[in-house]
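>>> Just a sequence and a predicted model for now, questions to come.
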Amino acid sequence: MAFDQPGPESKDQLGLAVFLLVCFICLVSPQFTEIPDQVFKVKEGKVASVVCRAFGSPPSVIQWSKAFASLPQRRTTADGTLKITSFSLNDVGTYQCKATNKLASVTASTVLSIVEGEKKRLVHLLFQVEASAFVSGSSGPG
């Protein structure tokens, strides 16, 4: 019984196939591994910490922007996490996370909204009740 032995041509083809496979594996466009919720609620005055992570080869660089412009002051990013200290009404809006490497880029967006503190909500509610009572209790010209 005779077996066919691979010749020099098949060794070269196998080597090329392995080389192409290795190169294919080492170049991967960015893919998100963790993205923020579509709406992210933050209590007023608290720290907003929004995570965005991506995998890619070469490694992806993550950049955050607000309304597709540079981030304003007091906002920092590290390891794909957007951090806003003392969240306020000025921070409300759409933020974009963009992961980029030399092959491509991908984006994800989130809307940061504010949740008022309990005291403010109570004062606002009392104001509404008092205003409603004033309007319903007022009499017209007599």
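Yes, it's here. Residues are numbered from 1 along each chain as shown.
>>> Please enumerate the strands of the protein.
28-34, 39-43, 48-51, 53-57, 61-66, 75-78, 81-84, 93-100, 105-115 (DSSP state E).
>>> which other helices and strands contact the longest one?
Contacting strand 105-115 under the criterion 3 or more CB pairs under 8 Å, 6 or more residues apart in numbering; DSSP states H and E are the following elements: strand 28-34, strand 39-43, strand 48-51, strand 93-100. In this view, the C-beta of every residue, glycine as well, is placed from N, C-alpha and C.
>>> need the contact list for Ser60.
Ser60 makes contact with Pro30, Ala54, Ala99, Thr100, Asn101 under the criterion CB atoms under 8 Å, 6 or more residues apart in numbering.
>>> cool, Val47 as well?
Contacts of Val47 by CB under 8 Å, 6+ apart are Lys83, Ile84, Thr85, Ser86, Phe87.
>>> can you name the two of those residues that are farthest apart?
Maximum pairwise distance in the contacts of Val47, criterion CB to CB, is 11.0 Å, between Lys83 and Ser86.
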